[in-house]
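K.L.:
Next come a sequence and a model predicted from it.
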Number of protein chains: 2
Amino acid sequence: MKRPTIAEIAARAGVSTGAVSYALNGRPGVSAETRRQILEIADEIGWRPSVAARSLSGSRAHSVGLVIARPADTLGVEPFFMRFIAGLEGELSRQSIALLLQVVDDHRAAIEAIRLCWAERRVDGLVLTDLYSDDTRIPLIEELRIPAVLVGGPRSDTRTPAVWTDDRAAVTAAVDYLVALGHRRIARVAGLPALEHTQVRVAAFRDAMLGHGLAEPPVVETDYSWEEGAEATRTLLSRRDRPTAIMFDNDVMAAAALNVAQEMGVAVPDDLSVMAGDDSQLCMLVRPALTALARDIQAYGRHTARVLLQAMEGSSPGSEPESATRLVVRGSTAPPPPA
Amino acid sequence: MKRPTIAEIAARAGVSTGAVSYALNGRPGVSAETRRQILEIADEIGWRPSVAARSLSGSRAHSVGLVIARPADTLGVEPFFMRFIAGLEGELSRQSIALLLQVVDDHRAAIEAIRLCWAERRVDGLVLTDLYSDDTRIPLIEELRIPAVLVGGPRSDTRTPAVWTDDRAAVTAAVDYLVALGHRRIARVAGLPALEHTQVRVAAFRDAMLGHGLAEPPVVETDYSWEEGAEATRTLLSRRDRPTAIMFDNDVMAAAALNVAQEMGVAVPDDLSVMAGDDSQLCMLVRPALTALARDIQAYGRHTARVLLQAMEGSSPGSEPESATRLVVRGSTAPPPPA
DNA sequence: GAGCGCCTGTGAAACGATTAAGTGCAAGGT
DNA sequence: ACCTTGCACTTAATCGTTTCACAGGCGCTC
């Protein structure tokens, strides 16, 4: 019942533990015949290296950390994380690297969690998500020289590698589509203004609108919640120059908007087009089904893992954007009503 | 820039590493004055124990594993896991225990993942979810003597501790409510039949219906997906003795049912009452909002962590149910139409 | 056949913490 | 004066693996 060690293999094979180590790690220093025999014994007694011993010796923890800083009740809503984690983990497990997950309440706790798991040498690298425009985690990981990947970059203020989706292109394409349908008054309900990607998207939205020769469009900032999404929609639909289309920064707020429109007697999509900034089953379950910006989140996670692994090996991988976001058109968008 | 070790503390304090270890772990063997000084130095240079060294010496990994076996695309849908994990992790981190997350495709891969992370001594215990009625993971963890907690138990076939919500009571209460409203023909759209809790809920449903002197009710089994939920609803609404109420095993299928009802010209809640088996924001975002069985999933996760920690300490904690599920009544349920 | 290099393998020191066993010293009892 | 007891610490083994330095032995060359 006791765990087998290389010492046991060595004893059985009649060689030293050093030889066993070389054989098991595929390094030179043992003959083919001895190697074969050692591998056979290892397999027979079901030997697996102890990560603890290996970490201690090789000073690598064989795991990476993901610290999620969000109030727990908003976490369940986001289909993003579970899919992202699935992709991440799938890629990591092929290298026998474990994923250490931490869920904390706020930014300060996240900083603490990073400090701690690094000091304890629990992780070899970190995945950083939900980047703020002036994010104190970045100087921290640079100071401690923690290999990391920024999800949502790229940023000019660091050499840490990043992965990101091309939000600018996605938002621009979405605006182009709505304008092509005939919309002229388009509003945006954005997410947390402190997040880097919110700013990118808002800027892209403004630029696209102005690029079409349209006026400075209304933008409302929210915390991504259902409640604030509904509130923002009410505000926008109460304006004298009521928009004929609204783009939301996620799917939950877009779904909330459908209810507000109904409550205010605004028909979707006849009087108002609604576009969701994330795609999930929710978009298909509400009526009308929501037109949305969809991306392959699992692939995004896999890509993130690959970049992090490279960073951990010391190379500084180039930061390239993930494959483009697609516009999935469903029932919530249509040409605007005739003026 | 190098990581501080107890040897460094020992050198600075002018004592041996053994003394430092005693001082830092609050054990007797050092004077109050020396202890104070050692703690001060440790704090000053930012010392943290290396988990690797500690694990190797103490033969404890200081982390627990959660292996989720689900096709990745269905994962994002479930708000359950992220909330559960948030609760779990919150409780574990208080004891400086990390959560190792693994996402695999199927049961076989889960077995492999468990074997591996245990053989590598990566974890001290495991959380097992999505229990099947004849689950091969249970004999496995018993054979390997892995401390574990079963989420969804209790079971007669093992002494492994379990946490669970009282599904029987919840389903019974829900049926009682619908019957009190006047419903006589109630159907159930269940989840994966192989899962233990599906069977418990279906049995409770049958018993409750028969207990009210009603006929054997229709039950349709599904895979929890939106598509199969819609399909099941279509089948049920096409029966000659069309039910006046349907209980779904999750929220996604209930939401899908709203669309099917609309498509078939069945009014909710006037002609049909719909009840969701899980509560999430989805229930509030669809129209009519869904009446649902709600539970505090984060608390469930916290409780799970506490039971697992006890099991890891060698005590065999009693298996008690989590606090009761609440029936949250919204707009999708009403008295049945007059016969 | 001496010297050289290569191949296969050994021995032992690391890695950083925990911990059982041992040591020295002072106080206290007889 | 001698023994006991307890405290405050040290010493060294231990956990399992990696890896460096080194040792034989063998074949090859000059």
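P.N.:
Nice, thanks for sending it over. Please read these numbers as outputs of a predicted model, since none were measured by experiment. Numbers count the residues shown, from 1 in each chain, chains lettered A, B, ... in the order given.
K.L.:
who in the stretch 1-150 of chain A is up against DNA strand C?
P.N.:
A:14-19, A:22, A:28-32, A:34, A:53, A:56-57, A:59 (C-beta under 7 Å from any atom of the strand). Every residue, glycine included, has its C-beta placed from N, CA and C.
K.L.:
now those: which count as buried?
P.N.:
Neighbour counting with 16 or more other C-beta atoms under 10 Å in any protein chain shown marks A:V15, A:A19, A:Y22, A:V30, A:T34, A:A53, A:L56 as buried within these.
K.L.:
and those, which two are the farthest apart?
P.N.:
Across these, the longest distance by C-beta to C-beta is 26.4 Å; it joins A:T34 and A:L56.
K.L.:
How about the residues of the stretch 1-150 of chain A by DNA strand D?
P.N.:
Residues of the stretch 1-150 of chain A lying close to DNA strand D (C-beta under 7 Å from any atom of the strand) are A:3, A:5-7, A:17-18, A:21-22, A:24-25, A:47-50, A:52-54, A:56-58.
K.L.:
Kindly recompute the last result at 6 Å.
P.N.:
Near DNA strand D, the residues belonging to the stretch 1-150 of chain A are A:3, A:5-7, A:17-18, A:21-22, A:24-25, A:49-50, A:53-54, A:56-58 when assessed by C-beta under 6 Å from any atom of the strand.
K.L.:
Which stretches in the stretch 51-200 of chain A count as strands?
P.N.:
Secondary structure of the stretch 51-200 of chain A by DSSP state E, counting those that start in this stretch: the strands cover A:63-69, A:98-104, A:125-128, A:148-151, A:162-163, A:186-190.
K.L.:
same for the second one, what does it pack against?
P.N.:
Strand A:98-104 is packed against strand A:63-69, helix A:79-93, helix A:107-119, helix B:79-93, strand B:98-104, with contacts defined by 3 or more C-beta pairs under 8 Å, 6 or more residues apart in numbering or on different chains; DSSP states H and E.
K.L.:
Which residue is the nearest non-sequential neighbour of A:P193?
P.N.:
Among residues not flanking A:P193 along the chain, A:E221 sits closest, at 4.6 Å (C-beta to C-beta, 6 or more residues apart in numbering or on different chains).
K.L.:
What of A:V127?
P.N.:
Nearest non-adjacent residue to A:V127, counting by C-beta to C-beta, 6+ apart: A:L66, 4.6 Å away.
K.L.:
what's the one you found in contact with, if anything?
P.N.:
A:I85, A:L88, A:L99, A:L100, A:L101, A:Q102, A:L126, A:V127, A:T129 (C-beta atoms under 8 Å, 6 or more residues apart in numbering or on different chains).
K.L.:
burial count for the fourth one?
P.N.:
A:L100 is surrounded by 21 other residues when neighbours are defined as other C-beta atoms under 10 Å in any protein chain shown.
K.L.:
Low-confidence ranges, the stretch 51-200 of chain A, go.
P.N.:
A:72-77 (pLDDT under 70).
K.L.:
Pull the contacting residues for the residue nearest to A:R295 when sequence neighbours are not counted.
P.N.:
Spatial nearest neighbour of A:R295, excluding adjacent residues (C-beta to C-beta, 6+ apart): A:T325 at 4.5 Å. A:T325 is in contact with A:T165, A:D166, A:D167, A:A169, A:A170, A:A173, A:L293, A:A294, A:R295, counting by C-beta under 8 Å, 6+ apart.
K.L.:
Let's see that with 7 Å instead.
P.N.:
A:T325 sits next to A:T165, A:A170, A:L293, A:A294, A:R295 when contact means C-beta atoms under 7 Å, 6 or more residues apart in numbering or on different chains.
K.L.:
Let me know the pLDDT of the fourth one.
P.N.:
At A:A294, the predicted lDDT confidence score is 94.
K.L.:
ok, it to DNA strand D distance?
P.N.:
Plainly put, A:A294 is 43 Å away from DNA strand D if you go by C-beta to the nearest atom of the strand, to the nearest Å.
K.L.:
May I have the beta-bridge partners of that residue?
P.N.:
Beta bridges link A:A294 to A:R326, judged by DSSP bridges.
K.L.:
Burial check on it, number of neighbours?
P.N.:
Around A:A294 there are 16 residues (other C-beta under 10 Å).
K.L.:
ok, now the last one?
P.N.:
If you count neighbours by other C-beta under 10 Å, A:R295 ends up with 20.
K.L.:
Let me know the distance separating A:T165 from A:D278.
P.N.:
Distance of A:T165 to A:D278, computed by C-beta to C-beta, to the nearest Å: 11 Å.
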